[in-house]
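Chemist: model this:
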Amino acid sequence: MAFVDVRMPPGWDGIETIARIWEKYPELQVVVCTAYSDYSWDDLIAKIGQSDRLVILKKPFDTVEALQLANALTAKWDLLQQVHSRIGSLELTVSESSARLRESQEHFRLISENVTDLISVVDVRGRHQYSSPSFRRVLGYEPAEVQQACWFDWFHPDDNKQALQVWKESLARGSVCVLEQRLRHKDGSWRAVESQLSPVRNARGEVEHTLVHIWEQVLDVRPIGIHDNFFDLGGHSLAATRVVSWVISQFQLEIPLQSLFQSPTVAEMAVVITEHQGEQVGKAELDRMLRELELLSDEDAKRLWSEEHRKN
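Modeler: Numbers count the residues shown, from 1 in each chain. This next block holds a predicted model:
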């Protein structure tokens, strides 16, 4: 950091010196020592711009003031260097992770484009999210046709009931299931295939899986699908109280009993829980920010407010 007097005869004055130094060392913290006789505040800002790197120290000043500014600004500069170093490290990590991801994607692409097995990612309604090129070779469908089709529509009528039952059980239990079935070829003929169903869950899917387990324990009904109605399965007020109590204990959330009556399926209840979890995370983040604000000095708070005000 630097203390710069506005009056520095002969040659450049202090303001010109600061402007020239910042061209080479833009992170330098500067204290301008002035009696406001040479530049007004507006003139100074017009000359070098508004900056959090600049502090005005009006003459006459006390030695303690200068020492405090020197300590604070050098500590600020040191923190800034740590931030830059951390950002550089994060950028390197992201770059390396992105390179590994691209390499992994390329390997997966080579495998999926050359494998003879059918590889497909479908949602809970059977709609294709991804399908390997082998669908063209095995079933005769083009990629666009696969994306528009529902997996269930290709089941042989005689296999449909069993296939849907295994599908439902796999989703409910979150376990891998093997299914032997016939799928319709584009030419109308049938192909016998053995399918391995492997559920892949997102965050809400994990909640749904836990809820299915809770409902099975309380209702003693198996299997339970995520769209099955709790009360149609034999649920009643006492069972609902047990479910909600178990949910509160499992997820560490305050869920009112009324939620189950308003959202009586696993899928609907999972939405309620994930929303409450989001609110809890948001509250925790807000509490953290408030604690950080309490630790800010008045000067830091004013600076942050000024920066946000300029952004807006």
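Chemist: Looks to me like residue 196 is in a helix.
Modeler: No - per DSSP: H, G, I helix; E, B strand; the rest coil, residue 196 lies outside any helix segment and is strand.
Chemist: who's in contact with the closest residue to it other than its chain neighbours?
Modeler: Nearest residue to residue 196 in three dimensions, chain neighbours excluded: residue 178, at 5.6 Å (C-beta to C-beta, 6 or more residues apart in numbering). No exception for glycine: its C-beta is placed from N, CA and C like everyone else's. Applying C-beta atoms under 8 Å, 6 or more residues apart in numbering, we find residue 178 in contact with 194, 195, 196, 197.
Chemist: can you pull out the helices in the stretch 1-150 of the chain?
Modeler: Remark: helices assigned in the stretch 1-150 of the chain by DSSP state H, counting those that start in this stretch are 14-24, 41-48, 63-114, 134-139, 143-148.
Chemist: could you say what helices and strands the last one packs with?
Modeler: If contacts are counted by 3 or more C-beta pairs under 8 Å, 6 or more residues apart in numbering; DSSP states H and E, helix 143-148 sits against strand 128-131, helix 134-139.
Chemist: of all the helices of the stretch 1-150 of the chain, which lies closest to residue 183?
Modeler: Shortest distance between residue 183 and the helices of the stretch 1-150 of the chain, using C-beta to C-beta, is found for helix 134-139: 6.3 Å.
Chemist: Need the CA coordinates for the closest one. PDB is fine.
Modeler: Taking Å, rounded to 0.1, in the frame of the first residue of the first chain, the C-alpha atoms of helix 134-139 are listed here in PDB:
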ATOM      1  CA  SER A 134     -28.100 -49.900 -31.600                       C
ATOM      2  CA  PHE A 135     -31.800 -49.300 -31.600                       C
ATOM      3  CA  ARG A 136     -31.500 -48.900 -35.300                       C
ATOM      4  CA  ARG A 137     -29.700 -52.200 -35.800                       C
ATOM      5  CA  VAL A 138     -31.900 -54.300 -33.400                       C
ATOM      6  CA  LEU A 139     -35.300 -52.700 -33.700                       C
END
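Chemist: so how far is that helix from its chain's centroid?
Modeler: With C-alpha atoms, centre = their mean, to the nearest Å as the basis, helix 134-139 stands 36 Å off its chain's centre.
Chemist: In that helix, which residues are buried?
Modeler: 134, 135, 139 (16 or more other C-beta atoms under 10 Å).
Chemist: From residue 241, how far off is the nearest residue to residue 235 once chain neighbours are set aside?
Modeler: Leaving aside its sequence neighbours, residue 235 sits nearest to residue 219 (C-beta to C-beta, 6+ apart; 6.1 Å). From residue 219 across to residue 241, the span is 13 Å (C-beta to C-beta, to the nearest Å).
Chemist: which of those two has more neighbours?
Modeler: Applying other C-beta atoms under 10 Å to residue 219 and residue 241 shows that residue 219 carries more neighbours, namely 18 against 13.
Chemist: pLDDT value on the more buried one, please?
Modeler: At residue 219, the model reports a pLDDT of 91.
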